[in-house]
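S.K.: 3D model of this:
(one chain, ligands or ions: 2)
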Amino acid sequence: MSSSPSAPAPPDPPQPETVWSRALRKLLPAGAPVPDEDQLDYSFSVALSADAPVRGPPTPASRSSNAAAAPLLPFSRHRRRISRLLRPDPPAPPTAPSPPSSPDTSSPTSSPPPYKSPSPPSQPLPPPDSDRPGPSNKQRACARCSKGVMGMGILGEREECLACGARYCAGCVLRAMGSMPEGRKCVGCIGRPVADARRRARLGKGSRLLARLLAPAEVRQVMHAERGCASNQVRPDEIVVNGRRLSQGELDLLLGCAVPPVRLTPGQYWYDKDSGLWGKEGEKPDMIVSSKLNVGGKLQADASNGSTQVFINGREITKTELRMLKFGNVQCPRNTHFWLYDDGSYEEEGQNIIKGNIWQKASTRLIATLFSLPIPPGYSHGLKEDASVYLSRFVPDYLELKRVQKLLLVGVEGSGSSTIFKQAKFLCGSKFSREEILNLKLMIQSNVYRYLSTLLEWRECFEDEALEEGRELDTSHYKSDEEPKVAHTKSSLYSLNERLVHFADWLLEIVALGDLDAFFPAATREYAPLVEEVWKDPAIQATYKRNNDLSFLPDVASYFLERVVEISSNEYEPTETDILYAEGINQWNGLSLLEFSFDERGPDSNSYLDKPDNPSTETKYQLIHIDSEGLRGGFKWLDMLEDVRAIIFCISLADYDQMWAHQSSGELSNKMIASRDLFEDVIRRPSFEDTPCVLLLNKYDTFEEKIGMVPLTVCDWFADFSTVELHHHTKQSLASHAYYYIAVKFKDLYSSALRDHRDRNRKLFVFQTRALERRSVEGALGYVREVLRWDNVRKSDVFGGSVDESSCTCSIDIDMSTSS
Ligand SMILES: Nc1nc2c(ncn2[C@@H]2O[C@H](COP(=O)(O)OP(=O)(O)OP(=O)(O)O)[C@@H](O)[C@H]2O)c(=O)[nH]1
Ligand SMILES: [Mg+2]
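M.R.: Ligands and ions are numbered 1, 2, ... in the order given. The predicted model follows:
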């Protein structure tokens, strides 16, 4: 548990081979040495065969569960251990935190592992303090004893006074801050406000040093006081609304209303009291708060610095807002003045007729969310806050509310990104609406015809090929002056009877004309028996047997074609599996959105410090999926997205031998290479410069089957793939070797794309998925969460903050082989 004190790591005794290194050895080419644990690159996941029940690398989480089993030290002993540690001449600390020597920390007396979390890792160890951006050693000298930094562990840590910024070492902090009735402040600063914005952001956020010095209950109490005490709250004169400082009464009104501004910090704001829109001065709206509050001055036209010549309640709106209104089909030519009411209804100034309600359409709400514009609390699921929480609070919970973290999920057509999205939806218990299910049903029905037409096209090719071969064979059997017996070459294994040929020609003609979607579902029921007959025909079955040669035919084709009559009936209701297997999701303009959360109090979470008394211990995420259709037209969506917290890029491993027609030019290319190009396009976009990226290498199941039959080198990009190191390879070992190789190819590509970037050490995180297996997608989402936590810690480290890194635990489940 992170609250235990950290002792210097004992020297590593010679270790017997651990479960982890045994598992790793299996994955490496024969004879390859097992790397040191501290050198391991956890930034990509590996699949282990089901018969190797291994656990992941030793994580703080797994260690903490052992630690948790050990009885907690009573408080006085806790302190004694700390003071022993701090007594004269502390042992020379290691230059960098040493890695845990073994995952086995079962001994209750063994010291907890050195603090630095190895999770989602692969990030280089932070440079020594002297090279590191952030406070210099001098700045980090203790304000009480003047000692400088003594190593990396607890000895090197400092706790900062939130009011004056003085820093104290572990030995002095409790003396300097006393009982901390207002949280982390020197005794002399009690009663003083927290003015600095950076320090204010840390109010009640927990502290690693205190966690080591105090018992968890004490830390909670200090954090509670830090958030709740009067002098740490914003003061009315620090809040300017519509150009006027607030009075105490106005601030009370603002904070006591049903929907107050979240995380109100000192600053200048604008407030539109008719609609409830609220934002920072000079910026687009940030949230919607209760309307009709008499606070601040009069809303000015230039409050949000808009330049659109379109006005809402007298404020010239920003370009982003205008774009959202246009997507919502609100007519807004220049010089339009709207009145917008708090329920979303709007009218043009002077016309006295309500023209509509901007929040009514799901698509407008979706767009607003994507553009980081606020939507009213009543309409949002993930963001909905219970007004009673605000009314009944003493501790201002608004300090605790976190922003929703946006995760962008993209991939080339057929990579499986929709499947991942749907699995995520099932995982978080979110139901498909009636309308969505109906759309899915229509899509499944029309897809069946598409699969059949693909099979029919391939059948023609194979038939031509077979007839040609037959003719060559015939001619070689007869002397040149004899008539060849053409009767032998008129049909082949791939030939259909005349009636079915007629139907096939008709269907292919419709497809060639691009009319398939217009034609269905009207014809669905009528032709279903015929489709079934064609599917069962030996010619089509023979064609399907060669499905490894068939580009453009998804694996699920047979699943649906087998049931074409059932699927085509009016009464057909797609099952959960049908929904999952259906290609894509019918979504609005190629976009779909899902909000979900992780409970941060899970067994692998150490975040109690971050969330002392908060009932909401969840971090909310928004999964934004843009499918191949949405990526068409020059990535219009990508450019409009703001504050994306992570990119999840999905690639189908099985695409290495597939062809793909380029969307605009129609040019054929290898699909893996097309995916690579799209990946590069996405990561190079300036708006994603600082956004971590997780690459999901999907369809590992198909890949494993295929790799033994089709060499990886058929894809030009993988021309240098070699299997020479694999002496006796099985299908599994070949697949894992190839997976590793592909992962490294993408990592290299990523590193070279970021070569000129200031954060050029950033790595690509790679995870292996089988999206049809729910557990695999669950693992992927967990991995993304770990990456985000890691990234948070890394960023706060860079900026010199003291985020509790214990919350960055690693729960990467590397045993992804069992389906759920
Ligand atoms: N065997 C196998 N099939 C998969 C896997 N993931 C997805 N599929 C199938 O691959 C097909 C394409 O998956 P989608 O999720 O629709 O692909 P997509 O990336 O969303 O494609 P667009 O919607 O066109 O952008 C579907 O039939 C899925 O059932 C996987 O891990 N293994
Ligand atoms: Mg899709």
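S.K.: hmm, who's touching stretch 312-328?
M.R.: Residues outside stretch 312-328 that contact it (Cβ atoms under 8 Å, 6 or more residues apart in numbering) are 270, 272, 274-275, 277, 283-285, 299-311, 332, 337-340, 346, 358, 361, 363-364, 367-368, 371-373, 640. No exception for glycine: its C-beta is placed from N, CA and C like everyone else's.
S.K.: just the ones of the residues you listed in helices?
M.R.: Ser363, Thr364, Ile367, Ala368, Met640 (DSSP state H).
S.K.: now the third one: closest residue in space, sequence neighbours ignored.
M.R.: For Ile367, ignoring the flanking residues on the chain, the nearest one in space by Cβ to Cβ, 6 or more residues apart in numbering is Phe327 at 4.6 Å.
S.K.: same thing with the last one?
M.R.: If the residues on either side of it in the chain are set aside, Met640 comes closest to Phe371, at 6.2 Å by Cβ to Cβ, 6+ apart.
S.K.: now swap in the second one and tell me
M.R.: Using Cβ to Cβ, 6+ apart and skipping residues adjacent in sequence, the residue nearest Thr364 is Gly328, 3.5 Å away.
S.K.: for this protein, longest helix please?
M.R.: The chain, longest helix under DSSP H: helix 434-477.
S.K.: counting by contacts, list what that helix packs against.
M.R.: helix 498-512, helix 516-519, helix 524-536, helix 538-545, helix 557-561, helix 564-568, helix 576-581 (3 or more Cβ pairs under 8 Å, 6 or more residues apart in numbering; DSSP states H and E).
S.K.: list the buried residues in the first one.
M.R.: Counting neighbours by 16 or more other Cβ atoms under 10 Å, one finds that the buried residues in helix 498-512 are Leu500, Val501, Phe503, Ala504, Leu507, Leu508, Ile510, Val511.
S.K.: check contacts around the nearest residue to Val531 once chain neighbours are set aside.
M.R.: Distances taken as Cβ to Cβ, 6+ apart place Val564 nearest to Val531, at 4.9 Å, with adjacent residues excluded. Applying Cβ under 8 Å, 6+ apart to Val564 gives the contacts Val448, Ala528, Val531, Glu532, Trp535.
S.K.: equivalent analysis for Asp791, please.
M.R.: Neighbouring residues of Asp791 by Cβ under 8 Å, 6+ apart: Ala646, Pro692.
S.K.: give me the mean pLDDT for the helix or strand harbouring it.
M.R.: Per DSSP states H and E: Asp791 is located in helix 774-798. Helix 774-798 carries an average pLDDT of 84.
S.K.: now do the same contact list for Arg144.
M.R.: Taking Cβ under 8 Å, 6+ apart, we find Arg144 in contact with Tyr168, Cys169, Cys172, Arg175, Ala176.
S.K.: in the stretch of helix or strand the fourth one belongs to, what's buried?
M.R.: When secondary structure is defined by DSSP H and E, Arg175 falls within helix 173-177. Neighbour counts using 16+ other Cβ under 10 Å place Val173, Leu174, Ala176, Met177 of helix 173-177 among the buried residues.
S.K.: ligand 2: which of the residues you listed is nearest?
M.R.: Proximity of those to ligand 2 (Cβ to the ion) peaks at Val173, which lies at 53.4 Å.
S.K.: give me the pLDDT for that closest one.
M.R.: At Val173, pLDDT is 89.
S.K.: just give the closest residue to Asp272, not the sequence neighbours.
M.R.: Nearest to Asp272 is Asn313, by Cβ to Cβ, 6+ apart, at 5.0 Å.
S.K.: tell me, how many residues neighbour the one you found?
M.R.: When neighbours are defined as other Cβ atoms under 10 Å, Asn313 has 18 of them.
S.K.: measure it to ligand 1 for me?
M.R.: 40 Å (Cβ to the nearest ligand atom, to the nearest Å).
S.K.: quick one: neighbours of whatever residue of the chain ends up closest to ligand 2, just the number.
M.R.: Among the residues of the chain, Ser418 lies nearest to ligand 2; the distance is 2.8 Å by Cβ to the ion. Counted with other Cβ under 10 Å, the neighbours of Ser418 add up to 25.
S.K.: which strands and helices lie in contact with the helix or strand encompassing it?
M.R.: For Ser418, the enclosing helix or strand under DSSP H and E is helix 417-427. For helix 417-427, the elements it packs on are strand 405-411, helix 576-581, strand 591-599, strand 618-626, strand 644-652, strand 693-698, helix 774-798, judged by 3+ Cβ pairs under 8 Å, 6+ apart.
S.K.: picking up where we left off before, would you mind listing the buried residues in the helix holding Asp791?
M.R.: 774-794, 796-797.
S.K.: could you do stretch 437-452 as well?
M.R.: 437, 440-441, 443-452.
S.K.: which one of those is nearest to ligand 1?
M.R.: Asn447 (8.7 Å; Cβ to the nearest ligand atom).
S.K.: let's verify the closest residue to ligand 1 within the stretch 701-820 of the chain: helix, strand, or coil?
M.R.: Nearest residue of the stretch 701-820 of the chain to ligand 1 (Cβ to the nearest ligand atom) works out as Ala771 at 3.5 Å. Here Ala771 is recorded as coil under DSSP: H, G, I helix; E, B strand; the rest coil.
S.K.: alright, I will stop here.
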